[in-house]
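Engineer: only geometry, no sequence info:
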C-alpha cells in the first residue's frame with residue numbers, strides 16, 4: 001500500500017482508440033471551447049465597460065460568466081490533450097487540481113443560479129423594496145459568498161482525499177473525479193464519504209430548493225395575473241415544471257443573448273456608437 005502522494009500518475013481507461021478520427025474530435029472540441037471562451041469574455045467585457053449595466057442582475061450574470069470560463073479552463077484543455085494523446089495518463093497533482101476546478105465550478109454555478117433566482121424573486125414580488133433590499137454592499141457580499149464558500153468547501157474535499165492510501169491508479173473516467181480517487185483507497189474513507197454527502201446536500205440540494213421556492217412564488221404571481229382556469233391540467237403542469245426547473249438553467253443564455261441592454265452594449269462595443277445607432281434606427 002502506498003500513499004497517494006507516492007502515486008506519480010493516474011491512468012484514465014474511459015478513452016479508446018479512435019484512429020484518425022481523433023483529429024476531427026479535437027477540432028470539434030476546440031471549436032466548442034473557443035465559442036465558450038469568446039462568448040463569455042464578450043459578455044463580461046460588455047457588462048464591465050458599461051456603467052449602465054452595473055446593476056445587481058448584470059453583476060450576478062458577470063459572476064456566472066466568469067465561472068463558465070473557470071470551469072471550461074479546468075476541463076477543455078485537459079480533454080484536448082487527452083484526445084490527441086496515445087497514452088491517457090495524468091499526473092497526481094494535476095488530477096487533484098482538476099478535481100478542485102470541476103467541483104468548485106459546479107458548486108459556484110448552482111449557488112450563483114440560486115442568488116440570481118433570489119434577485120428575480122425580490123424584483124418581481126417586492127418591486128418597491130428592491131433598491132433598499134439589493135444594496136451594493138449586499139450584492140458584493142452575495143457574490144463573495146458565492147465564490148468563497150464553494151472554494152473553501154472544495155479545498156477541504158481535496159485535502160481529505162489527497163492523503164489517502166491508494167491500492168491502484170486506474171480511473172475509469174475521461175477526467176479525474178473525487179469519488180474515483182476515494183474508491184481506490186485502501187484506508188478508511190468514512191470521513192470522506194460523510195463529508196461528500198454533506199457537501200452535496202449543502203452545495204447542490206439547498207440552492208436547488210431555493211431556486212424552486214423563488215420561481216414557485218413567481219409562478220404564483222403569474223397565475224394571479226392571468227386566468228388559467230381554462231388551461232388544460234397537463235399544460236399547467238408542463239408550464240409549472242418549465243418555470244421551476246428549466247427557466248433557472250436557461251437564465252444565463254436568455255439574459256446574455258436576448259436582453260436588449262446587453263445586445264445594444266455589444267453593438268456599441270463591436271461596431272462603434274454610430275453603427276449601433278444606425279442599426280437601432282428604423283429603416
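Structural biologist: In hand now; what should we look at? Everything quoted here is computed from the prediction, not taken from an experiment.
Engineer: what strand or helix carries the spatially most central residue of the chain?
Structural biologist: Averaging the C-alpha coordinates of the chain gives a centre point, and the residue nearest to it by C-alpha atoms, centre = their mean is residue 109 (3.2 Å). Element membership for residue 109 (DSSP states H and E) is helix 92-125.
Engineer: swap in residue 152?
Structural biologist: helix 136-161.
Engineer: packing partners for that helix?
Structural biologist: With contacts defined as 3 or more C-beta pairs under 8 Å, 6 or more residues apart in numbering; DSSP states H and E, the packing partners of helix 136-161 are helix 56-84, helix 92-125, helix 178-183, helix 190-200. Using the backbone N, CA and C atoms, a C-beta is placed for each residue, glycine as well.
Engineer: list the buried ones in the first one?
Structural biologist: Across helix 56-84, burial judged by 16 or more other C-beta atoms under 10 Å covers 56-68, 70-72, 74-76, 78-80, 82-83.
Engineer: now do the longest one
Structural biologist: For helix 92-125, a neighbour-count test (16+ other C-beta under 10 Å) marks 92, 95-123 as buried.
Engineer: what about that helix, distance to the chain center?
Structural biologist: In terms of C-alpha atoms, centre = their mean, to the nearest Å, the gap separating the centre of helix 92-125 from the centre of its chain is 5 Å.
Engineer: so how far is the following helix or strand past it off the chain centroid?
Structural biologist: Elements were assigned by DSSP H and E; along the chain past helix 92-125, the next helix or strand is helix 130-133. How far helix 130-133 lies from its chain's middle: 27 Å, per C-alpha atoms, centre = their mean.
Engineer: show me what helix 130-133 is packed up against.
Structural biologist: Taking 3+ C-beta pairs under 8 Å, 6+ apart as the contact cut, helix 130-133 packs with helix 92-125.
Engineer: now do the helix it packs on against helix 136-161, angle only.
Structural biologist: Helix 92-125 and helix 136-161 are oriented at 150 degrees to each other (axes from the mean of the first three to the mean of the last three C-alpha atoms, to 10 degrees).
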